[in-house]
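Engineer: Turn this into a model:
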Amino acid sequence: MPIFNYVALDQRGNETKGTFEVASQNDAIGRVKDMGLFPVKIVEAAKEPAKGKGKNAPAAKATGKGAKKGVNINIKIPGMGSGVKPKVLTTFTRQLATLVDAGLPLLRGLRVLEKQEKSPALKEILGKLAVSIEGGSTFSEGLAQHPKVFNRLFVNMVKAGELGGVLEVVLKRLAEFSEKAQKIKGKVKAALFYPIAVMFVAIGILILLMVFVIPKFKEVFAGMGVQMPGFTLFVMAMSDMIVNNILMTMGILVVIVVAFLLFIKTKFGRLVWDRTQLKLPAVGPVISKVAISRFTRTLGTLVSSGVPILQALTIVKETSGNMVIANAVNKIHESVKEGETITAPLESSGVFPPMVCSMVDVGEQTGAMPEMLMRIADDYDEQVDNSVAAMTSLLEPIMIVFLAVIVGSIVIAMFLPLIAMINNLSGDDSGGKADK
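Structural biologist: This next block holds a predicted model:
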């Protein structure tokens, strides 16, 4: 019989892994459910069974640092990096919510959307989901078989909606969550586009001047025998170094970029980079507000949909998009697991402002935690809008001055010898007239 590897969650949100030797994937799903676990991923393993793995192989509980190996915390929006665009997935979610709310059976709704779907990747997945439901699986179990498209947030919210009989409500919340996440991401991207574009233009102009323009000036000055100022000599020396070592210069730049990308892929490097981003002038406050907005909206959406708090915190940690926030959420998770409140570790983390901690505390005391979290998220979304507008207005003149300084410095360096030569000629003419 084939061997299946599974990843599942227990009632407290802890991840468990193991292996079964069963006849089919549906049998594996049933076995996991019989153990009181919620299946997240079940895939067929290699044909050769590993030693010690048999029909009743014990589940290996994943805890601590080992449990997170391979998890990419940068997953922000369901569908990202899967061949299915987030906007397409959001449209599907909202359409499915409308069909289910209108009383159409889920299976029929999936078939209807499959026929009209233009995205080949999502069309294929909808067909597989329909087949899975026809085979007796729940909708959430079918979604869990496509983790690259439907992340844990999506799967767990759908599962909560199924258990509570409010699937259409949960699907609407998912669509709204995805729409707002894309809106915030789009605004930040738009704000950063201008300075990045100016930076690329500045680099292009600098290379053009150093490689092609300055050597021409050098030839002209050499033929004229002009004595050049120190600043001009420095710029020409930089030009000679780049032209004579163009391959080495490009190689150094490539090595620096590759080394940086490899560094931020490590756990320590990612933590350092994320912490650095939060402290950057102008950009840092925007990134911090986006991270807090995502944290509160994700947690509020999950809890209001009926997902257990510990399981919700685990999902929030993996979808936070920032290692500093993820570490803070991990401390909150451990605190709640010990029976404490969310507020204490939230305050001690040093990441969340006092206003956020106070509102969460009020939400805990009044029993209105989901509503309070969503209010915080809405408030921070507005702050992000204002911060992005302020950052854009601040960066535009800074980048213009930056570009002007780079180009202007090189132009001045090239014209200093000409100015000196003109002054010398004027001095010679004055001396000649005086002799007469």
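Engineer: so after the lowest-mean-pLDDT helix or strand in the chain, what's the next helix or strand?
Structural biologist: Ranked by mean pLDDT, DSSP states H and E, the weakest helix or strand in the chain is strand 60-61, scoring a mean of 36. Using DSSP states H and E, the helix or strand that follows strand 60-61 towards the C-terminus is helix 86-101.
Engineer: So which bits of that following helix are buried?
Structural biologist: Within helix 86-101, the residues that qualify as buried are 86, 88-97, 99-100, counting by 16 or more other CB atoms under 10 Å. For every residue, glycine as well, the C-beta is placed using N, CA and C.
Engineer: domain assignment for this protein?
Structural biologist: 3-68, 86-150, 177-422 (automatic domain parsing).
Engineer: Can you give me the end-to-end span of stretch 24-42?
Structural biologist: 11 Å (CA to CA, to the nearest Å).
Engineer: And the contacts of it?
Structural biologist: Contacting residues not belonging to stretch 24-42 are listed as 2, 4-11, 15-16, 20, 22, 44, 59, 135-137, 141, 144-145, 147, 152, 155, 159 [CB atoms under 8 Å, 6 or more residues apart in numbering].
Engineer: so of the residues you listed, which ones are in helices?
Structural biologist: Of the contacts of stretch 24-42, the ones assigned to helices by DSSP state H are 141, 144, 152, 155, 159.
Engineer: Quick one: closest of the domains of the chain to residue 168.
Structural biologist: Residue 168 sits nearest to domain 86-150 of all the domains of the chain, at 4.0 Å, using CB to CB.
Engineer: How are the strands of this structure distributed by residue range?
Structural biologist: 3-9, 15-21, 38-44, 60-61 (DSSP state E).
Engineer: okay if I get those strands as TSV plus mean neighbour count and distance to residue 192?
Structural biologist: Formatted as TSV, the strands of the chain follow (neighbours: other CB atoms under 10 Å; distance: least, CB to CB, whole Å):
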stretch	mean neighbour count	distance to residue 192
strand 3-9	21	36
strand 15-21	20	35
strand 38-44	18	34
strand 60-61	12	42
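Engineer: can you list the ones you listed in JSON lines and add distance to residue 305?
Structural biologist: Formatted as JSON lines, the strands of the chain follow (distance: least, CB to CB, whole Å):
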{"stretch": "strand 3-9", "distance to residue 305": "15"}
{"stretch": "strand 15-21", "distance to residue 305": "20"}
{"stretch": "strand 38-44", "distance to residue 305": "15"}
{"stretch": "strand 60-61", "distance to residue 305": "26"}
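Engineer: Which of the ones you listed sits closest to residue 129?
Structural biologist: strand 38-44 (15.0 Å).
Engineer: low-scoring stretches of the stretch 201-350 of the chain, by residue?
Structural biologist: The stretch 201-350 of the chain contains residues with pLDDT under 70 at 225-226.
Engineer: Going by mean pLDDT, which of the strands of the chain comes out lowest?
Structural biologist: If those are sorted by mean pLDDT, strand 60-61 sits at the bottom with a mean of 36.
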